[in-house]
Structures are given as structure tokens and as C-alpha cells.
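Enquirer: Okay, sequence plus prediction incoming.
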Amino acid sequence: MRAGPAGESARVDLPGASVIAGRTRAIGPASWRADAVPIITLADRPRTQLSEARFPAIRMRRTRRTASLRAMVRQTSLAPQHLIQPLFVAEGSLVGEVASMPGVARLALDALVAECKAIEALGIGCVALFPVIPQTLKRDDGEEALNPDGLVPRALRAVKQACPGLSVMVDVALDPFTTHGHDGLLDAEGDVDNSGTVEVLRRQALIYARAGADIVAPSDMMDGRVGEIRQVLERDGQHHTLILSYAAKYASGFYGPFRDAVGSAANLGKADKRSYQMDPANSDEALREVALDVAEGADIVMVKPGMPYLDIVRRVKDRFGVPVAAYQVSGEYAMLQAAIANGWLDRRTALMEALLCFRRAGADLILTYYARQAAIWLGE
Ligand code: PBG
């Protein structure tokens, strides 16, 4: 359909388009006939054509000219409450910088508490804790994960006491605690055993909930674990503990620096997690994973990694309408930091764009190692 010049009547020449009788308006130059531009309903619009009007009636740059105009039409927002700060907690000689994640440190308990106070003051609502467990405490069955006085329960108690209003999330998985670096228990063939692992995870989740975790986050990708964890929490009266499931977690090459940080990289060696984490080639499978976790009682679902998987975030958000988190993982952080350090990317521009795009893709929440930095900039 085309808006004709003066004297030419409105014409419908595209399939599906229709003129709504009697409802036309002039949007062209005065020389155009007032009724020359028909109003098209949304359903009528061919997919390739969003508007009947043409240049110069339409100039897309009008709304881009000034900062205030751009702000008026901006669709997506980013604020500190959308961010979750992952933090590594360690003891003794394991405290210190993570070489493959410049700017990220393994924090001792007192430093962790100080960091949490600063993060809360910036308006960030949640931190995610990851423990660095000494090799001497690692076992094939990851039994240290079930120690009620282990590093994670102690960190939870310390942070919740100092910052009661800050939500604290913890990973439920065995990889920081196992000699082999896998997220669960191995069977005779060396594969991760589903039901044996779920049995341990439900106990781990309960210990964390009792220690004060606001959110338990199973990151193991075992089948059926969300339902089991929900049930054990309910039975124990932990009705308020949220489950954030790593629902669509892919077997990704972008977790390497995280495995350095928690010290599981060497344990895992050349092994991979493809028998339980998802194939990066798959998209429909992510929807099935999310559907199952939501049905089993997940309060928030996560897609991970982040930037290469924003299409999955969008599909999940559109399909389920539940709170969706996305994880800008360690490898994404390392890539950005490396390019920034070389002067190849502008730090602030690149970081804030990357985080905003998670929101545009449909993420309600973003786990990012840049949370604190982003919140500082957002507060300026
Ligand atoms: C452990 C876990 C991993 C991450 C979060 N929880 C690593 C893995 O699955 O191997 C990755 C986070 C990151 O790379 O930033 N289950």
C-alpha cells in the first residue's frame, strides 16, 4: 500500500492490508490528500512493513536527536536491582586474585562481609556466593558440601548477620567439593549418577537454607532435582526459600575462568560436562528444561551463559513469563577485561551496552561480575 500524491486515492496493493473505512488521517505534506494515508491495523501489517508512511513523513532520526528525546522513547532500563553480584569466598592461602579474571578476587570472610555491605549500599539486591574449597577437603563424593559448619554456611551466617536486607544466593552443586570436579557423584562408568546426586543436592540445599540462604540455585543440571529440593525445603518449614534453577545451562567453553577461581579446573582436567549440561546447538530443549523446572517449583529460571545465548533468554521469557535470570559468565568477563586492558574496547561503553542488551533480550536479572561497577555508574 502506498500513500499517493494529491489526487491519487489510497490504494491497497499488498496482501493482507486493508483500509479501515472512514478512518484515515493525513501525515504527509499539505499537498497530499488528507485521506490518502489509510490506517492499517497491527494484524494487517505485512511482516516486512511496519508503517505505511514513508520518508520524509517518517524520519527515524527525529527521536534520536537529543538526549531527552532518546530517553523518552527508550524501551529498556537497567538499574542496580536488576544485578546480582557473584562473589568467591575462600580461606587461608586460597585468598587472592584470580589470574584469568583480572579484578576479581577470592575473598576471606571479613572481606566478603565488607564487600557485601558496599554492594548493598549501591542498591544491588542480591549476591551469589561460590566457595573455594581446599584440595585437602575434596572427596570423590564431595562430602564437605554437607558440612553444616563448612565455608558456605559460615559465609551465609556472616553475610546475613551483617546485611539482613541483602538477599544471598548460593549454588547447589558438588563441583567445588569433588576430587574429579564434576557437579555430582560418579557411577561405575564414570558418568554422573542422577539419583545419587539428587539425594546429596537436596541435603546440601537444606543445609544452606537453614544457614540463611534466601535463594538456593541448583546449577548441576540433574533431572528432577528442583522438585526434590522444593519438597525437602517445604517439609523442613523453609517455605520462603526461593529456588533459582540453572534451568538452561549449556556445556560451554566460557566457564574456564570460573573453574580457575573455585579451583575445579585442575580436578576436571580434560573431562567435560556434556552428559548433563546442554548442547549449545539446542534451543527447543531449553524450553523443555524450563517447563520442567517451573512445574517442579522453581521461582526463577536461569539461562547460562549469557551473551551467546540471548536468543534463549528471549524464547524463555516469551513462552513462560516467569522471572528470568541470565548469567554473564566468567569467560565473557575475561573476554571483555582482556579487550579493555588492551584499549580495544571502551570500558564503560562496552560493559553497560552488554548489560543493557541482557535486559532487552528479556532478562529480569543479570548475574555479572561487573555488578558493583555497573551500579556505581548507574548511581552517578
Ligand atoms: C558450577 C558452576 C559453574 C558456573 C556456575 N556454577 C561452572 C560449571 O558448571 O562448570 C559458571 C559460572 C561462570 O563461568 O562464571 N556448577
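Expert: Received it, and whenever you're ready, just let me know what you need.

Enquirer: is the one helix or strand in the chain whose mean pLDDT sits lowest anywhere near the ligand?
Expert: None of the helices or strands of the chain scores lower by mean pLDDT, DSSP states H and E than helix 265-268, at a mean of 93. No. Judged by C-beta under 6 Å from any ligand atom, helix 265-268 stays clear of the ligand, getting no closer than 7.5 Å. To be clear about C-beta, it is placed using only N, CA and C from the backbone, and glycine gets the same treatment.

Enquirer: which of the residues in that helix are buried?
Expert: Neighbour-count burial for helix 265-268, counted by 16 or more other C-beta atoms under 10 Å, picks out A265, N267, L268.

Enquirer: got it, and stretch 177-193?
Expert: For stretch 177-193, burial by neighbour count (16+ other C-beta under 10 Å) applies to F177, T178, H180, G181, H182, D183, G184, L185, L186, V192, D193.

Enquirer: that older thread, could you export the least confident helix or strand of the chain as PDB, CA atoms only?
Expert: C-alpha atoms of helix 265-268 as PDB (Å, rounded to 0.1, in the frame of the first residue of the first chain):
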ATOM      1  CA  ALA A 265      39.700 -26.700  36.600                       C
ATOM      2  CA  ALA A 266      42.600 -29.000  37.500                       C
ATOM      3  CA  ASN A 267      40.300 -31.600  39.100                       C
ATOM      4  CA  LEU A 268      38.200 -31.700  36.000                       C
END
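
Enquirer: Who are the packing partners of that helix?
Expert: Applying 3 or more C-beta pairs under 8 Å, 6 or more residues apart in numbering; DSSP states H and E, one finds that helix 265-268 makes contact with helix 256-262.

Enquirer: Mind checking the pLDDT average for stretch 281-288?
Expert: The pLDDT scores in stretch 281-288 average 98.

Enquirer: quick one: that stretch to chain centroid distance?
Expert: 16 Å (C-alpha atoms, centre = their mean, to the nearest Å).

Enquirer: Not counting that stretch itself, show me its contacts.
Expert: With C-beta atoms under 8 Å, 6 or more residues apart in numbering as the test, stretch 281-288 has contacts from A247, A248, M278, D279, V303, D311, I312, R315, V316, R319.

Enquirer: Need the three-state assignment for the second one.
Expert: Local secondary structure at A248 is given as strand here, using DSSP: H, G, I helix; E, B strand; the rest coil.

Enquirer: same thing with the last one?
Expert: What three-state DSSP gives for R319 is helix.

Enquirer: quick one: it from I243, how far?
Expert: Using C-beta to C-beta, to the nearest Å, we find R319 at a distance of 19 Å from I243.

Enquirer: out of those two, which sits in the more crowded spot?
Expert: Each of R319 and I243 has its neighbours counted (other C-beta atoms under 10 Å); I243 has more, 24 against 12.

Enquirer: Can you verify my assumption that the more buried one contacts V301?
Expert: No. At 9.5 Å, I243 and V301 do not qualify as touching, with contact defined as C-beta atoms under 8 Å.

Enquirer: Against the ligand, how distant is the nearest residue to V95 once chain neighbours are set aside?
Expert: Nearest non-adjacent residue to V95, counting by C-beta to C-beta, 6 or more residues apart in numbering: A108, 4.8 Å away. For A108, the distance to the ligand equals 21 Å [C-beta to the nearest ligand atom, to the nearest Å].

Enquirer: Now do the contacts for A108.
Expert: Counted by C-beta under 8 Å, 6+ apart, A108 has contacts V89, A90, E91, V95.

Enquirer: Make a ChimeraX selection of whichever of those residues turn out to be buried.
Expert: Only the buried members of the contacts of A108 enter the following ChimeraX selection, criterion being 16+ other C-beta under 10 Å:
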select :89,90,91,95
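
Enquirer: Model confidence score at the residue in the stretch 151-300 of the chain positioned nearest to the ligand, please.
Expert: Residue of the stretch 151-300 of the chain nearest the ligand, by C-beta to the nearest ligand atom: F258 (3.2 Å). pLDDT recorded at F258 is 97.

Enquirer: which residues does the closest residue to it other than its chain neighbours contact?
Expert: Among residues not flanking F258 along the chain, S330 sits closest, at 3.8 Å (C-beta to C-beta, 6+ apart). Residues near S330 by C-beta under 8 Å, 6+ apart: S100, M101, F254, Y255, G256, P257, F258, A261, Y369.

Enquirer: shouldn't L186 be in contact with D140?
Expert: Yes. Assessed by C-beta under 8 Å, L186 is found in contact with D140 at 7.1 Å.

Enquirer: For the two, list the residues in contact with both.
Expert: Counting by C-beta under 8 Å, 6+ apart, the residues touching both L186 and D140 are H180.

Enquirer: got the residues of this protein near the ligand?
Expert: D171, A173, D175, D183, S219, Y255, F258, R259, K273, V329, S330.

Enquirer: before we move on, the earlier item: out of the buried residues of helix 265-268, who's nearest A341?
Expert: Comparing the buried residues of helix 265-268 against A341 with C-beta to C-beta places A265 closest, at 21.5 Å.

Enquirer: And the contacts of stretch 281-288, which of them are buried?
Expert: Among the contacts of stretch 281-288, the ones that count as buried by 16+ other C-beta under 10 Å are A247, A248, M278, V303, I312, R315, V316.

Enquirer: returning to what we had before: out of the buried residues of stretch 177-193, list just those in strands.
Expert: Of the buried residues of stretch 177-193, none are assigned to strands by DSSP state E.
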